[in-house]
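J.: Attaching a predicted model along with its sequence, questions to come.
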Amino acid sequence: MSKLNKLRSEYWFNSDSMRGFAHRQRLAQVGYSRSSYIGKPVIGIISTWSEISTCHSHFPQSVKFIREGIIRSGGFPLELPALSLSEVMVKPTTMLYRNLLAMEAEELILSHPLDAVVLLGGCDKTIPGLLMGAFSANLPCVVVPAGATINGSFKGIKIGTGTHTRKYWDAKQAGEVSKEDWLLLEETMTRSAGTCNTMGTASTMACIAEALGLTLANASTTPAVDSAHGRICAHSGELAVNLALKKITPSTIVTEKAVHNAITVYGSLGGSTNAVIHLIAMVNRLGLSIDLKKISNAVAKVPVIANLMPAGEYLMEDLHNAGGLLAIQLRIKHLLDLSAEMVTGERLETRLAQAKIYNDKVVLPLEQPLSSYSTLTALYGNLCPNGAVIKPVAATPSLMEHRGMAVVFESMDELQNKIDSDDLMITERSVLVLKNAGPVGAPGMPEWGGLPIPKKLLSKGVRDLVRISDARMSGTHFGTCVLHVSPESAIGGPLGLVQQGDEIEISVSRELLQLHISDSEMEKRSKTFKHKELATRGYLSLYQRSVQQAHVGCDFDFMLGKNNASDPIIF
Ligand code: FES
């Protein structure tokens, strides 16, 4: 076999050296003989299962099916666990560890005898983290999204994970939910394995992975507990063997065309604002560049046609029954580059030949979009020179053109202590500002951007305010929240200079976020600004010193681009 055709795993296993013996002898230790794996593509199954990652609780069964597909196609499966990153359980925030998962995935792939990988993730940061690592490693890969949990229902009302947590919490704070109902909600809101069933970050990133061409058709919308998920797993295993033999790497799939398609699909979904950060970070790992402004401009041209919570009415299971992501892609076919190639070897045009739309209430007609507003608008101005984002489709239209006095909190601690105090000076016209919630400041840029509405306004029926921070917001939430302000406050960004009572203007139509103080006042304040002290040990120290700002994807500054490692060196 020529060096060109040689499988990468053969450097480990097909050698007469002492090391070749040692590698084979270790597989023999667990019962394998040479015929199990020599000359066969070795496929890594990188699984983000852990017992506390409840969205991934079905992964042991998924892995079983992936293994079956790999073996069926003549490959040899090896399961490698990776950081599970349960969105709800990991503190202070999973975003602090997305880059750690990306580093782990890259090193897992490159340090082991693998010819291709199946990436098994779903809960918010897992697909971005796995793909960042896999893109840098640039070995053949296929993604299997976890799939969403099945539809939720409470007393006859369709409820979505995350979205209704916030809605019912606000109602509880306003005294409108009984203790008994609150307990019942806790026990019934999430009914099965799988990721959040709204168009939150997990669903958005699964759909983006599919739109990039990295999954089987409708893998992103198939519910976690649907029997079709097992078949998707098995076919993905088969596919990985084929990709390994043909040496089809992510860089040949994720081209400019694929990125265009992913941004367009994102725009049509009313997807999570988090997706922008992840997509920029992922694509930068392949040496492609996209920036926030370009994404915002592209998304502005795409009607939101997915009627899904938090902006709409339905859930992921409904989208799947309406034809899945294929139905969305079919509806916006004229906006997509149909020549883009998928991991399956088909072009998007061929894939869409099987697409059908079964429910116009879920996949809306182009002439009746969910809203006249778009999925994302980037804002600029003296408060966010490098940009900030808002999700207009999930915001209150009257608040998107607004001037109001700032009510400022220097930290999340201060906010929690004061937000419900009786002497908080606030009206429904105020602008809530939270500082020190960005990548360096928080640290890790938690999903604090949907700042709580003070109880005293909730009891008057107020359910939204203009809220500004350098944090992110859960993709399952809604509100007039300006997020990802860059540069962030903790490193001296203008957000750090805002004081109580300053006038702030937001104009989504003019893509503007402006602090109405004079340049000289801004300069005066910046002279006395104190930078945040950084951690001095451990991962946190590495993170705070190396993380980039939100508008460029929050990756580490030393991790950009592909890993140019050549063939493995086996001693
Ligand atoms: Fe896992 Fe929402 S908590 S996807």
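T.: Perfect, thanks for sending it.

J.: Using the three-state scheme, assign the residue nearest to residue 119 when sequence neighbours are not counted.
T.: In space, not counting the residues next to it along the chain, residue 119 is nearest to residue 130; the distance is 4.3 Å by Cβ to Cβ, 6 or more residues apart in numbering. All C-beta atoms are positioned from the backbone trio N, CA, C, and that covers glycine. Here residue 130 is helix, with the state taken from DSSP: H, G, I helix; E, B strand; the rest coil.

J.: likewise the one 5 residues further on?
T.: Judged by three-state DSSP, the three-state class of residue 135 is helix.

J.: my read: residue 61 touches residue 230, true?
T.: Yes. Applying Cβ atoms under 8 Å, one finds residue 61 in contact with residue 230, separated by 7.0 Å.

J.: More neighbours: which of the two?
T.: Ranked by neighbour count (other Cβ atoms under 10 Å), residue 61 and residue 230 place residue 230 first, with 19 against 15.

J.: picking up where we left off before, any idea how far residue 109 is from the residue nearest to residue 119?
T.: Distance, residue 130 to residue 109, by Cβ to Cβ, to the nearest Å: 10 Å.

J.: Scan the protein for its longest strand.
T.: Looking across the chain with DSSP state E, the single longest strand is strand 401-409.

J.: So what touches the following helix or strand past that strand?
T.: Toward the C-terminus, strand 401-409 is succeeded by helix 412-418 as the next helix or strand (DSSP states H and E). The set of residues external to helix 412-418 that reach it, using Cβ atoms under 8 Å, 6 or more residues apart in numbering, is 409, 424, 434, 436-437, 442, 446, 448, 451-452.

J.: Tell me, how many residues neighbour the closest residue to the ligand within the stretch 351-500 of the chain?
T.: Closest residue of the stretch 351-500 of the chain to the ligand, Cβ to the nearest ligand atom: residue 476 (6.9 Å). Neighbour count of residue 476, defined by other Cβ under 10 Å: 28.

J.: who in the stretch 101-250 of the chain is up against the ligand?
T.: 123-124, 195-196, 200, 202 (Cβ under 6 Å from any ligand atom).

J.: Give me the buried positions along the one helix or strand in the chain whose mean pLDDT sits lowest.
T.: Between all helices and strands in the chain, the lowest mean by mean pLDDT, DSSP states H and E belongs to helix 163-173, at a mean of 88. By neighbour count with 16 or more other Cβ atoms under 10 Å, helix 163-173 contains the buried residues 163-168, 170-173.

J.: which other helices and strands contact the longest strand of the chain?
T.: Strand 401-409 sits against strand 431-434, strand 503-507, with contacts defined as 3 or more Cβ pairs under 8 Å, 6 or more residues apart in numbering; DSSP states H and E.

J.: which residues in the stretch 201-350 of the chain form helices?
T.: For the stretch 201-350 of the chain, applying DSSP state H, counting those that start in this stretch gives helices covering 201-211, 227-246, 250-253, 256-269, 274-285, 292-300, 316-321, 324-331, 348-352.

J.: Does the helix or strand containing residue 63 reach the ligand?
T.: Per DSSP H and E, residue 63 falls inside helix 59-72. No. On the criterion Cβ under 6 Å from any ligand atom, helix 59-72 is out of touch with the ligand, staying 12.4 Å away.

J.: what does that helix rub up against?
T.: 43, 45, 47-49, 76-77, 79, 118, 120, 144, 146, 229-231, 233-241.

J.: Name the residues of it that are buried.
T.: Counting neighbours by 16+ other Cβ under 10 Å, helix 59-72 gives 59, 62-63, 65-71 as buried.

J.: Close to the ligand: what parts of the protein are there?
T.: 55, 87-88, 123-124, 195-196, 200, 202.

J.: got a markdown table for those residues, with pLDDT and secondary structure too?
T.: Below are the residues of the chain next to the ligand laid out as a markdown table (pLDDT from 0 to 100; DSSP: H, G, I helix; E, B strand; the rest coil):
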| residue | pLDDT | secondary structure |
| --- | --- | --- |
| 55 | 97 | helix |
| 87 | 95 | coil |
| 88 | 94 | coil |
| 123 | 97 | coil |
| 124 | 96 | coil |
| 195 | 97 | strand |
| 196 | 96 | coil |
| 200 | 95 | coil |
| 202 | 97 | helix |
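
J.: Now the residues you listed in JSON lines, please, with extra columns for distance to residue 371 and neighbour count.
T.: Shown next, in JSON lines, are these (distance: Cβ to Cβ, whole Å; neighbours: other Cβ atoms under 10 Å):
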{"residue": "55", "distance to residue 371": "28", "neighbour count": "29"}
{"residue": "87", "distance to residue 371": "26", "neighbour count": "26"}
{"residue": "88", "distance to residue 371": "28", "neighbour count": "18"}
{"residue": "123", "distance to residue 371": "28", "neighbour count": "26"}
{"residue": "124", "distance to residue 371": "24", "neighbour count": "33"}
{"residue": "195", "distance to residue 371": "24", "neighbour count": "31"}
{"residue": "196", "distance to residue 371": "21", "neighbour count": "31"}
{"residue": "200", "distance to residue 371": "18", "neighbour count": "29"}
{"residue": "202", "distance to residue 371": "22", "neighbour count": "35"}
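
J.: so how far is stretch 477-486 off the chain centroid?
T.: Taking Cα atoms, centre = their mean, to the nearest Å, one finds the center of stretch 477-486 at 16 Å from the center of the full chain.

J.: for the record, mean pLDDT for that stretch?
T.: Across stretch 477-486, pLDDT averages out at 94.

J.: now, which of the contacts of helix 412-418 lie within strands?
T.: 409, 434.

J.: sorry, back to before: what's the most distant pair in the buried residues of helix 163-173?
T.: 163 and 173 (16.4 Å; Cβ to Cβ).

J.: rewinding a little: pull up the overlap in contacts between residue 130 and residue 109.
T.: Joint contacts of residue 130 and residue 109 (Cβ under 8 Å, 6+ apart) are residue 46.

J.: any idea which element residue 521 lies in?
T.: For residue 521, the host element (DSSP H and E) is helix 519-527.

J.: same question, residue 78
T.: Using DSSP H and E, residue 78 sits in strand 76-81.
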